[in-house]
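Participant: Need coordinates for the following:
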Amino acid sequence: MLKKKVSILIIAALLIVQFANGLGFNKQANAIGNILTGVHLTVKDSDGHTVSNAVYAQGADVTLEYTWALPNGHGYTVGSQFTFTLPQKFFLNTSIPSTPLIAGLEIGSFTIDKATHLVTMTFAGDIADYDEIQGTIIVNTKFDSSEFITSTEQEISFPEIDSSTSIHLQFRPSNSSIIEKRGYPQGYNAKSVKWEVDVNKTLDTIENGVVTDTIPTGLAVPVSVAVYNLGVSLTGVTTKLTELASGDYDFTTTGSEIEVKFKGAAATINTAYRIEFETAIINTSSSTFQNTATLAGNHLAEKTASASVSVQRGSHLIKTAGTYTAADGKLAWQVKYNYDEKTIVQASASLNDYFDDSQTLDAASIEVRRISLDTAGAESPTLLTLNTDYFINTIPHANGKNGFTLSFPGDITSAYKIDYKTVKAARYENDNTNVTNTVYAASENKSATKGIQQVVINKSVDSYDYISKTITWKITINGDKYTMNPVKITDTFNAAEQTFLPGTLEIKDGSTSLSDITDYTVNTSLSAPDNGFSILFTNAVSNTYTIIYKTQFNTDWLDSNNQYTNHGEIKWTDAITPFNHIKQVTTTFTPNNKAIYNGYKLGEYNAVTKEITWTVGVNYNRETLLDAVMIDNLLQNQKLIQDSVKVYEMTINANGNVDKGASVVDTVYELTKADNLLKVKIKGINSSPYIIEFKTSLAGQLLDDAVISNTANLVVGISPESKNLTASVTVHKAGEYVNKTGVQDDNKINWKIFINRGQSEVINAKIIDKPSENQNLIQESFHLFKTVIEEDGDVSKALGAGSELVKGNDYTLEFKTDIDGNQSFELKLAGTIKTAFLLEYQSTIAAESGAHVTNAVDFSANNVVLVTKQTIGDVIAAVSSASGTGSGVRGILTVTKVDAANTSTVLSGATFALYRLPARALINTITTDMDGKAVFKKLLSGNYVLVETAAPAGYLLDSTDIPVLVNTQNTIINKQVTNVKTATPTPTPSDEPTPTPTPSDEPTPTPTPSEEPTPSPTPSEEPTPSPTAWHPSTTSSPTPTPTPTATPTETPTPTPTPLEAITTPAPTPTPLAPTATPTPVVKPTPTPVGEKEVTKQDVPKTGTVEVPEGSTPSIGKDPEHGTVTVTPDGKWVYTPKPGFIGKDKFSVIITDKDGNEEEIFIDIDVEEVPLGVTPAEGTLPTTGESSHLNMELAGLALILLGVGLSRRFAKRREDREFPSS
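Facilitator: Next up, the predicted model:
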């Protein structure tokens, strides 16, 4: 019975343990709910003053103040986070970096993401040390009108406070004024003007508003007005709504002034209104009217708005001249009358028209139309009837004028258009004869003049042919078809310039050719110096004749104007004036430049090859020459490419264009070549034209000249056979050695520096960049790329594999910080550069919004001279800010490196990198000086981590993150960082590790690694063991002297010994100064095939690969989820992409002096950092306290107890049943 009871008790105990394990350690916290307690919004004007109006500017600056509080027993721990989202109706210029929540307390920090508006509050170590924790997050932002709907009334909700928290705001429409006025004339030749006065489109509050308007002279005062409610959108677009009740305003007039006074329900104006009225035009002679409306009210200074209206009226009288027809001698005229639609009584409704007596009226051509004008002034004509709708009377000739009178039978109010023609009274023989016509209407008159050209004889160039060197001339006679008899044509030109080709002469009457036997005779025997011919017509000429002929031109005898001149003359007698008439004309032909210069030259620059292709055309005019030589002096550092000279035949087309023909054999020509001179000799007697092509190179030169010019000449002996044949090419970006631009990207600036886009060849190229102090360089963002050069000189960034240059191999990059904390960098390109490069990098903005962020870049290099250039990049920063503690803080961090065993010993040569959180942006890297100090200056307020990246010689590296806080209470920060000396390894011949001796009463513990270590192979020389770095949580408070620690055993111990990554530690006799004795394994050193490293999310990882003397490391395979760099001494830094968690891999290639390569692969595990509590769900973070180990051990103990008791009871029963005898 007792056995059963004990068994039941054991089972019950086990069940209780299991039940307790299931319920007692559940980490679901009692939900504390939302920690936000309220929000306050303050609107600022452009001067930063608080705006208390009820209507706000759409893009106004805003300060949001969120209050928050944690109740006692909140359950939040280190690393716990609370998030909420800013409404999208607020605009952020940039993201907000990590900012303290409460001044002077290590409570935590917050960040704000620009893209998502997400606010993340992360709590830190002191959160458990205080009760009644509360604070304020202040965000300086602005309204984002792009997120507004069209209405001027906007509701902004804050659901993170509670579902009912929202703010209703009224916004001032854009493009609006408190009073606006417009006027609209009512149609073409308007009789009235409609006026609109918009009041309070700005939606202000006006008490007892009054609008007055003084009507200008020429307009009648209106007898009534209408007032409407007016809807206004955000963009200022208006919608006329219902009419305001007459009881809500009074309308009165006093002389020429009208007044609208709001009253009743409209006595307090807070919406917009429109006042409309119409004024009759009583002065039709005026076309422009302007008046001003005034708005007044209680406590409102008078506001005015003016409007000017131009009434479009037709002119009362217009006269124009039309076309002249030479064949019949008729000239068209037009009169527009009363287009201003005045009322004209019958006695005044008439027109008198006068014209020169060289013209007579063609009465049959008169047409009169009544014109109807619509509101836009468009015409609708109606043809009227002579002697019914109007009358025509001829005015007798007087004072050299002819004319007529047009009258109407009654009063008129419409517009009229009169078209008619006049006929010439005599032949026009002058080159330009002006005919004037004047029309009179009552006291007004208008004139028009027409210039008439003679058509007795005209001459022109009909065509030309460069193959045959001929010009086709055209002469037209008797265009007005007078009867002339006899008629003689004489055509002359310089005998040296041109030769008449008789067989080309042709004379036509229309399309009929005349006979040189029966219709005319030709005489070609004209006296020198002129050459030419004469034509005598056999019969009278009464039609228009066309004469066509050709001359051959001599390119050696151009006149001083580079033209060929031709003179024509006609002599005749007519029946009207029976005496001789003479008319002369002159025409010229200008040949193309190829003929004028007897050649041409072209050039084309190829920026890819840095070569110029020159094309020279010689002997274009096909002169017969003996041993002609083309000479070309190559200037501006050009070098002739010796095998590039080619000679081709030239084909000339009739229009003068040329084509490249077949290649000419070298027996035809002879070359004389030097670096800067080319001579091409065409052997013997030759009359052919040739095209000579050759190339010059600018390689190896400073390309400072934007234009490269060249001149060639064709000579025979010392006699020139051509003019200077000159051409030039443009070298794109010549003289440009550095060009810088910058574009803001959130709270960073993306800088681009193009280096040597002109492609000069220089050595020892160096750029020094000095940023303005309101930015910080992001050192890991620097990348130097090759470029792609197009033939036209356009330069762009190279893409794809191998496009990025390798730091340490192709260039060096050095960052410097002066004693004032100002940063700069120096980039040097190795050896000689001949092409362009692109440097891209980023800097974080440390400027107020609107400030100029600049970078001054200096370039220097050598060729035959020292080259120095400077350029400046400028970006105007747009920055958002937030605070929990204030802003504008600049701090100084002084790091002192000392020996761990003797803190009075300072250590130089330790390199520290300072990163700004949360993006872990590298601020600067500084090495401790002889005093063991590294000073980081001009640090913005925020959270940072300090990481040792290189230890002093003889000391172990401690890459632990050291937190640094900069705020208003903490601007001067001092950090003392210790280093432990490198332990001296003691190699033994044994292949097995040295066993650990039994500890004494106070033993030094043997560190227990988290995984069983694999002994490292014995190096050929004594190695310096590297410790396994200890990485505490980044939210932990730092100890004054952080020391690498090992994982201890269960036994309480004094200071633990650092865990050596490549040794098995051995105890030492003195607990206060423990040391580790490595026991190397005697084995050959294998070629490493891979290494494995672990880091946390968003935390860079450093490591080292061995680089033998004379070898060079480089990155082989790039990581897929991060970036990696390696220094010449083998130190690498891997930086995961923000937010990445998982496995990544890269490789480092070690290349020895003989070119042999060894590739080392490094696997990286990027682990997630626990984020802690999400308060809205009430779940607390699990940090180890919920482990089931204790309960499981207790359960196991109870089970063992049960087994033991069971065996004991079984023994007793056996003794009872089988007693010993």
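Participant: ranges for the strands of the stretch 351-500 of the chain?
Facilitator: Applying DSSP state E, counting those that start in this stretch to the stretch 351-500 of the chain gives strands spanning 359-373, 379-383, 391-398, 401-407, 415-424, 433-441, 444-452, 457-465, 470-477, 484-494, 498-509.
Participant: any chance you could map the helices in the stretch 801-950 of the chain?
Facilitator: Counting by DSSP state H, counting those that start in this stretch, the stretch 801-950 of the chain has no helices to list.
Participant: Where does the prediction get shaky in it?
Facilitator: The model of the stretch 801-950 of the chain has pLDDT under 70 over residues 846-855, 863-890, 918, 941.
Participant: Select, out of the strands of the stretch 351-500 of the chain, the one closest to Ile708.
Facilitator: strand 457-465 (34.5 Å; C-beta to C-beta). (C-beta placed from N, C-alpha, C; glycine too.)
Participant: Quick check: buried residues in the closest one?
Facilitator: Across strand 457-465, burial judged by 16 or more other C-beta atoms under 10 Å covers Ile457, Asn458, Lys459, Tyr464.
Participant: likewise stretch 63-76?
Facilitator: Thr63, Leu64, Tyr66, Trp68, Leu70, His74, Gly75, Tyr76.
Participant: Would you check which pair of these lies furthest apart?
Facilitator: Thr63 and Gly75, at 31.5 Å, using C-beta to C-beta across the buried residues of stretch 63-76.
Participant: Tell me how many other residues crowd Gln498.
Facilitator: When neighbours are defined as other C-beta atoms under 10 Å, Gln498 has 25 of them.
Participant: again with Val977
Facilitator: Neighbour count of Val977, defined by other C-beta under 10 Å: 24.
Participant: which non-adjacent residue is nearest it?
Facilitator: For Val977, ignoring the flanking residues on the chain, the nearest one in space by C-beta to C-beta, 6 or more residues apart in numbering is Lys897 at 5.5 Å.
Participant: neighbours of that neighbour, just the number please.
Facilitator: For Lys897, using other C-beta under 10 Å, the count is 28.
Participant: ditto for the one 5 residues further on
Facilitator: The burial metric for Asn902, expressed as a neighbour count using other C-beta under 10 Å, is 9.
Participant: Tell me who's in contact with Asn943.
Facilitator: When contacts are counted by C-beta atoms under 8 Å, 6 or more residues apart in numbering, Asn943 touches Ser98, Pro100, Ser109, Arg916, Leu917, Pro918, Pro963, Val964, Leu965, Val966.
Participant: Against Leu64, how distant is it?
Facilitator: In this view, Asn943 and Leu64 are 22 Å apart by C-beta to C-beta, to the nearest Å.
Participant: Same check on Phe82?
Facilitator: Phe82 is 17 Å from Leu64, by C-beta to C-beta.
Participant: what do you get for Ile819?
Facilitator: According to C-beta to C-beta, Ile819 and Leu64 sit 40 Å apart.
Participant: Also Thr214?
Facilitator: Relative to Leu64, and taking C-beta to C-beta, Thr214 is found at 48 Å.
Participant: can you check Ser760 too?
Facilitator: Relative to Leu64, and taking C-beta to C-beta, Ser760 is found at 54 Å.
Participant: circling back to that earlier point, of the contacts of Asn943 - the most surrounded one?
Facilitator: Pro100 (28 neighbours).
Participant: I'd assumed Met121 was in contact with that residue.
Facilitator: No. Judged on C-beta atoms under 8 Å, Pro100 makes no contact with Met121 at a distance of 11.0 Å.
Participant: Quick check: neighbours shared by these two?
Facilitator: Taking C-beta under 8 Å, 6+ apart as the contact rule, Pro100 and Met121 both touch Gly108, Ser109.
Participant: related to what we said a few turns ago, in TSV, list the contacts of Asn943 along with distance to Ile749.
Facilitator: Formatted as TSV, the contacts of Asn943 follow (distance: C-beta to C-beta, whole Å):
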residue	distance to Ile749
Ser98	20
Pro100	25
Ser109	24
Arg916	15
Leu917	20
Pro918	19
Pro963	27
Val964	24
Leu965	26
Val966	21
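Participant: Among the residues you listed, show me the least confident.
Facilitator: Note: of these, the lowest pLDDT belongs to Pro918, at 69.
Participant: what stretches of the stretch 101-250 of the chain score poorly on pLDDT?
Facilitator: 103-105, 126, 129-130, 149.
Participant: out of everything not next to it in sequence, what's closest to Tyr915?
Facilitator: Val945 (5.2 Å).
Participant: in the stretch 51-200 of the chain, which spans are strands?
Facilitator: Along the stretch 51-200 of the chain, the segments classed as strands by DSSP E, counting those that start in this stretch run 55-56, 61-70, 81-85, 90-91, 96-100, 108-112, 118-123, 133-143, 153-157, 166-171, 179-185, 192-199.
Participant: nope, the stretch 801-950 of the chain is what I was after
Facilitator: Counting by DSSP E, counting those that start in this stretch, the strands of the stretch 801-950 of the chain are 811-817, 823-829, 832-833, 837-845, 852-862, 866-876, 881-883, 890-899, 911-916, 921-927, 933-940, 942-950.
Participant: so which of the ones you listed comes closest to Ser176?
Facilitator: Across the strands of the stretch 801-950 of the chain, closest to Ser176 is strand 866-876 (C-beta to C-beta), at 28.0 Å.
Participant: Check which residues of stretch 738-748 are buried.
Facilitator: Neighbour-count burial for stretch 738-748 [16+ other C-beta under 10 Å]: Val738, Asn739, Lys740, Gly742, Gln744, Asp746, Asn747, Lys748.
Participant: so the last one bridges to which residues?
Facilitator: This means Lys748. Beta bridges link Lys748 to Asp745, Thr844 when assigned by DSSP bridges.
Participant: try the first one
Facilitator: With DSSP bridges applied, Val738 shows beta-bridge pairing to Ile755.
Participant: ok, it to Lys766 distance?
Facilitator: As for Val738, its distance to Lys766 is 10 Å (criterion: C-beta to C-beta).
Participant: which neighbours do these two share?
Facilitator: Shared contacts of Val738 and Lys766, defined by C-beta under 8 Å, 6+ apart, comprise Phe859.
Participant: How many residues are close by the nearest residue to Tyr620 once chain neighbours are set aside?
Facilitator: Spatial nearest neighbour of Tyr620, chain neighbours left out: Lys594 (4.6 Å); criterion: C-beta to C-beta, 6+ apart. Per other C-beta under 10 Å, the neighbour tally for Lys594 reads 20.
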